[in-house]
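In: Sequence plus predicted model, see below.
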Amino acid sequence: MSDVLAKCKQAKEIAKFLNTAKPELKNRGLTTMAKALRQNKDYLISENKKDINNGMKKNIGKALLDRLTLNDERIEGMAEGLEIVIDLPDPVGEKLDEWTNTNGLKIKKVRVPLGVIGIIYEARPNVTVDAAGLTLKTSNAVVLRGSSSAIKSNIALVRVLNSALEASGFPENTINLIEDTSRETVKELVTMKEYVDLVIPRGGAGLINAVVTTATVPCIETGSGNCHVYVDKAADLDMAAKIIINSKVQRPSVCNAAESLLVHKDVAMDFLPDVIDALQKSNVEVLGCDRTQALGDNVALATDEDYNTEFHDYKISIKIVDDLEEAITHVNKYGTMHTEAIVSKDQQAIDKFSLEVDASTIMVNASTRFTDGFVFGFGAEIGISTQKMHARGPMGLKELTSYKYVVVGNGQIRG
């Protein structure tokens, strides 16, 4: 029996236990997990440093190293995320609807767990904690498969979390981690239809495409974020400058960072020279159309491939557009249905952009960086869904559940 099969079979058994777990038990487990993270932070940071050192040897880049890094602040943030989940209402068992038919049948629609969820993700070890916390609260079992770049960190985190859960009355190895990070384990996990109910890939377009094209288990596509900020001719230009700098620079390695800036031609001359300078002072490499090149120094010519790329780095593509319609067309062509922003004081332009741009989240006069389950009040998140079925946008507790109908009669039969 392969390790993947063994972990999936074990998760199926864990799902049976979690299906009947009371909210009090789950919250006790989450409380103990948060406490354990704080108590073991030195151990976690020590193991994480092994991944950091390996990453530096492989020259994985500054932005990816940032995604990989654990420190006191980030571990505290993970613990606080678990504590926020504790305070959220338990969705399992929630009555969504109820009615009585003319034949006397009482029909109730109730929220239930999905079962076993496989999560495949890259680099970021915080996903290990977010996934463990959200699946526990929703009574789902989880099988985690992180990347080789974070394997030491993930093993340490799962060890700490499982120890905390065991002490709280949960079965051994409630959280399952596949430690073999070869491509073969991904292929095996996403075809485990007998044991896995849903797969969620979190990472770049390459990972997501590889999972979606291989999987026989249902998938939710998440994470790929070629996000745009459009500065309209009616924009407050000071506000727009702050928004694009924050959207690009605050944390360029994440999926809700801006990768492209679109600027209406009527404001380009007043807006772009200072913004290009500010981006470059923040170590951002600027690529642009020929009109953009005329308004800034050291601007390389942007190609179609550049506009189609999620950089995950200190790099941005810029295009001057003739009107709102061209901006919308560009976003819908190159975007990944993640997050798109408009900066404008014109309500008609805002309404048209919000209606016609196809994305999970539209930001109006705000940074793209706000597309986040924590910011939306979901506690942690399992990912940002960029598809349209079942879940879209930041996925919190409710997005990790399904529902069933319970029908109660008193002897009715159908004629």
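Out: Cool, the structure landed.
In: show me where the stretch 51-200 of the chain has helices.
Out: Remark: helices assigned in the stretch 51-200 of the chain by DSSP state H, counting those that start in this stretch are 62-68, 72-87, 126-137, 151-167, 183-189.
In: Most tightly packed of these?
Out: Neighbour counts (mean count of other C-beta atoms under 10 Å) averaged over each of the helices of the stretch 51-200 of the chain peak at helix 126-137, with a mean of 27. Yep, even glycine has a C-beta here, placed from its N, CA and C like the rest.
In: Tell me how far that helix lies from the chain's centre.
Out: Put simply, helix 126-137 sits 12 Å off its chain's centre (C-alpha atoms, centre = their mean, to the nearest Å).
In: now for that helix, which elements pack on it?
Out: Judged by 3 or more C-beta pairs under 8 Å, 6 or more residues apart in numbering; DSSP states H and E, the packing partners of helix 126-137 are helix 23-39, helix 72-87, strand 116-121, strand 141-145, helix 151-167.
In: now for those, which one comes closest to A391?
Out: Nearest to A391, of all these, is strand 116-121, at 12.1 Å by C-beta to C-beta.
In: what does that closest one rub up against?
Out: 8, 11-12, 15, 127, 131, 135, 140-147, 186, 189-190, 192, 195-203, 207, 211, 217, 382, 400 (C-beta atoms under 8 Å, 6 or more residues apart in numbering).
In: closest one to N59 among the helices and strands packed on helix 126-137?
Out: Closest to N59 of the helices and strands packed on helix 126-137 is helix 151-167 (C-beta to C-beta; 18.2 Å).
In: Can you give the contact residues for the closest one?
Out: Contacts of helix 151-167 (C-beta under 8 Å, 6+ apart): 29, 32-33, 35-37, 40, 43-44, 47-48, 50-51, 68, 70, 125, 128-129, 132, 136, 144, 146, 172-175, 177, 179, 181.
In: switch the cut-off to 7 Å
Out: Contact with helix 151-167 is made by 29, 32-33, 36-37, 40, 43-44, 47-48, 50-51, 70, 125, 128-129, 132, 146, 172-175, 177, 179, 181, as judged by C-beta atoms under 7 Å, 6 or more residues apart in numbering.
In: Just want the angle from that helix to helix 23-39.
Out: Using axes from the mean of the first three to the mean of the last three C-alpha atoms, to 10 degrees, the direction of helix 151-167 lies 140 degrees away from that of helix 23-39.
In: the inter-axis angle of helix 151-167 versus strand 141-145?
Out: Here helix 151-167 points in a direction 160 degrees away from that of strand 141-145 (the same axes, to 10 degrees).
In: re the thing from before, now the helices and strands packed on helix 126-137 in JSON lines, with mean pLDDT and distance to V407?
Out: Output for the helices and strands packed on helix 126-137, formatted as JSON lines (pLDDT from 0 to 100; distance: least, C-beta to C-beta, whole Å):
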{"stretch": "helix 23-39", "mean pLDDT": "98", "distance to V407": "25"}
{"stretch": "helix 72-87", "mean pLDDT": "94", "distance to V407": "32"}
{"stretch": "strand 116-121", "mean pLDDT": "96", "distance to V407": "26"}
{"stretch": "strand 141-145", "mean pLDDT": "98", "distance to V407": "27"}
{"stretch": "helix 151-167", "mean pLDDT": "98", "distance to V407": "35"}
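In: could you dump the ones you listed to CSV with distance to K242?
Out: What follows is those, written out as CSV (distance: least, C-beta to C-beta, whole Å):
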stretch, distance to K242
helix 23-39, 34
helix 72-87, 24
strand 116-121, 31
strand 141-145, 37
helix 151-167, 34
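In: immediately after the host helix or strand of E305, which helix or strand?
Out: In this assignment (DSSP states H and E), E305 forms part of helix 304-307. Going down the chain from helix 304-307, the next helix or strand is strand 315-321, by DSSP H and E.
In: Helix, strand, or coil at Y403?
Out: Of the three states, Y403 takes strand according to DSSP: H, G, I helix; E, B strand; the rest coil.
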